[in-house]
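Chemist: just the structure for this:
(one chain, ligands or ions: 1)
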Amino acid sequence: MSRRGLAFLWLTMSLAGLALILALAVWLGPADRPEADGTANRPPGEETNGAVGDSTGTGQADAPQEPDTVPPPGLPGSETPAEGLLAAVGDIMMHMPQLPAYYDPDTNRYDFSPFFTEVKALIAEADWAMANLETTLSADGDYSGYPRFSSPHELAAALKDAGFDIVTTANNHALDRGVPGVMRTLEFLRAQGLVTRGTYRSPEEAAEPTIIERNAIRLGLLAYTYGTNGIPVPKDMPWLIDLIDEERIARDIAALREAGADYIAIALHFGTEYQTEPSKEQKRLARRLIAAGADLIAGSHPHVIQPYEIVEATDADGSVRQGVILYSMGNFISNQRGDTKEYGVLYRIRLRKEEGVTRATDVEPVITWVHRYKAEGRNHYRILPVERVLEERNDPLLTGADYERLANDLGAIRKRLPVPDGTQGNGTFRGTEHEG
Ligand SMILES: [Zn+2]
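Modeler: Numbers count the residues shown, from 1 in each chain. The predicted structure is shown next:
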């Protein structure tokens, strides 16, 4: 080889080596960037109201993109969607007959976790699981049921243990024990690490947006009630509880979106008690809020299951968005019996974020039943998933008559929860009646 040839070879190899070093530097680069730990660049409001983000949180949306780095799931340019499962249930009620069997005189403590044992897996699997707490909590022993609810604070630990992470408190019983009751209830819930929305301990807490990030999806949460059973909200504490006010909710939706929420869920305590169909006003309000930018309305208060529906809204940019309205999820736990008051729905809603847009892709209603039975002279309660129980038919505490009754009631309730109109074409949603 000539001198010239050797020099050329040397130059080529040096360049190749340099290229290799550069490639390595680019490949290793992202590990040193601050946003890779999932904490940087979160908008204000993130991690507020007790919300806890997960370790896979992103926030890279505004970060400078290296040409050959992969954008995080769900964001523009990523081929991987972000996905999550949201679970929502109706009213958590505590009537006095629900207490005695769960009290341990040796420790002077209550343990209500057995209520939830049979549905725990369905709740715990969800990335977000929310319930409406229709009572106040206390540790004073002066417990009461209807009409002014005050329940042992250990209920908070049982909800946490069941897998819930969000408890909404805007309902007509929130002020049953006055302002101290509101404060205590929130203290007990927060002490369990639960995210709360609907009542507040301070104007600052009320003003903080609630955004809960899981799997790179930011769930924004709001909660409102039609009223407080005639108990006035103190004039100097207008921030204490969120009351339904259409214009205000529309503003809150816009602010929550501005604060970075991908998907907005609103817990609404509304409707008419014991009505199995939503009222005209429920339909009007819920649809109006979807049109105003909400993605999910999670309704409660009627104490019976009402239908759900999927509605379409056209946003300002002309894009069509589907919203989910759960008019009433019924009672998740209570001592109410008869006229299907012991039934509820645990909705499991799959969310997918693609190109920065988050949508529900599947709505699965799981019908639940509160099994009340006597043991040692006291009432015991278990929430059972009805379809599973009917399939398995091996529950040692259920009789043939129980199964027969469950099968009958299930038939009636399924008729109340038809597959929503106009949602079967694209195969994204399904109801309980797969065979129509
Ligand atoms: Zn209510």
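Chemist: quick one: mean pLDDT over stretch 335-345.
Modeler: Mean pLDDT, computed over stretch 335-345, is 91.
Chemist: show the end-to-end separation of it, please.
Modeler: End-to-end distance for stretch 335-345, by C-alpha to C-alpha, to the nearest Å: 16 Å.
Chemist: contacting residues for S144?
Modeler: 96, 150 (C-beta atoms under 8 Å, 6 or more residues apart in numbering). The C-beta positions use only the backbone N, C-alpha and C, and glycine is treated the same way.
Chemist: now do 6 Å
Modeler: S150 (C-beta atoms under 6 Å, 6 or more residues apart in numbering).
Chemist: and the gap between it and T136?
Modeler: Distance of S144 to T136, computed by C-beta to C-beta, to the nearest Å: 9 Å.
Chemist: near the ion, which residues of this protein?
Modeler: Proximity of the chain to the ion, by C-beta under 5 Å from the ion, involves residues 171-172, 301.
Chemist: change it to 8 Å
Modeler: Within the chain, the positions adjacent to the ion are 91, 134, 171-173, 225, 269, 273, 300-301, 303 by C-beta under 8 Å from the ion.
Chemist: circling back to that earlier point, quick one: common contacting residues for S144 and T136?
Modeler: S150.
Chemist: A174: how many residues sit nearby?
Modeler: As a burial measure, A174 scores 29 neighbours (other C-beta atoms under 10 Å).
Chemist: identify the residues contacting stretch 366-386?
Modeler: 97, 100-101, 115, 118-119, 333, 342-346, 397, 406, 410, 413.
Chemist: need the distance between the two termini of it.
Modeler: 8 Å.
Chemist: same check on stretch 107-117?
Modeler: So stretch 107-117: terminal residues 22 Å apart, C-alpha to C-alpha.
Chemist: that older thread, give me the buried subset of the contacts of stretch 366-386.
Modeler: Among the contacts of stretch 366-386, the ones that count as buried by 16 or more other C-beta atoms under 10 Å are 101, 115, 118-119, 333, 342-346, 406, 410, 413.
Chemist: near E376, how many other residues are there?
Modeler: For E376, using other C-beta under 10 Å, the count is 7.
Chemist: my read is E205 is in a strand, agree?
Modeler: No - assigned with DSSP: H, G, I helix; E, B strand; the rest coil, E205 falls outside any strand and is helix.
Chemist: ok, it - how many residues close by?
Modeler: 17.
Chemist: may I see the buried residues of stretch 329-343?
Modeler: For stretch 329-343, by 16+ other C-beta under 10 Å, it's 329-336, 340-343.
Chemist: ok, those vs L289, which is closest?
Modeler: M329 (16.7 Å; C-beta to C-beta).
Chemist: past the longest strand along the chain, which element shows up next along the chain?
Modeler: Counting residues, the longest strand found in the chain (DSSP state E) is strand 357-375. Next helix or strand after strand 357-375 toward the C-terminus (DSSP states H and E): strand 378-385.
Chemist: return the distance of that following strand from the chain's centre.
Modeler: Computed by C-alpha atoms, centre = their mean, to the nearest Å, the chain-centroid distance of strand 378-385 equals 23 Å.
Chemist: strands paired with it, and their directions?
Modeler: strand 357-375 (antiparallel) (DSSP bridges).
Chemist: closest one to V363 out of the buried residues of stretch 329-343, please.
Modeler: Among those, and counting by C-beta to C-beta, the member closest to V363 is M329, at 12.1 Å.
Chemist: where exactly do the strands run in the stretch 151-300 of the chain?
Modeler: Along the stretch 151-300 of the chain, counting by DSSP state E, counting those that start in this stretch, strands occupy 151-152, 166-168, 195-197, 210-214, 217-225, 263-269, 296-300.
Chemist: would you turn those into JSON lines with mean pLDDT and mean neighbour count?
Modeler: Converted to JSON lines, the strands of the stretch 151-300 of the chain look like this (pLDDT from 0 to 100; neighbours: other C-beta atoms under 10 Å):
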{"stretch": "strand 151-152", "mean pLDDT": "97", "mean neighbour count": "26"}
{"stretch": "strand 166-168", "mean pLDDT": "98", "mean neighbour count": "30"}
{"stretch": "strand 195-197", "mean pLDDT": "98", "mean neighbour count": "25"}
{"stretch": "strand 210-214", "mean pLDDT": "98", "mean neighbour count": "25"}
{"stretch": "strand 217-225", "mean pLDDT": "98", "mean neighbour count": "26"}
{"stretch": "strand 263-269", "mean pLDDT": "98", "mean neighbour count": "28"}
{"stretch": "strand 296-300", "mean pLDDT": "97", "mean neighbour count": "27"}
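Chemist: among those strands, which is nearest A158?
Modeler: Using C-beta to C-beta, the strands of the stretch 151-300 of the chain put strand 151-152 closest to A158, at 9.6 Å.
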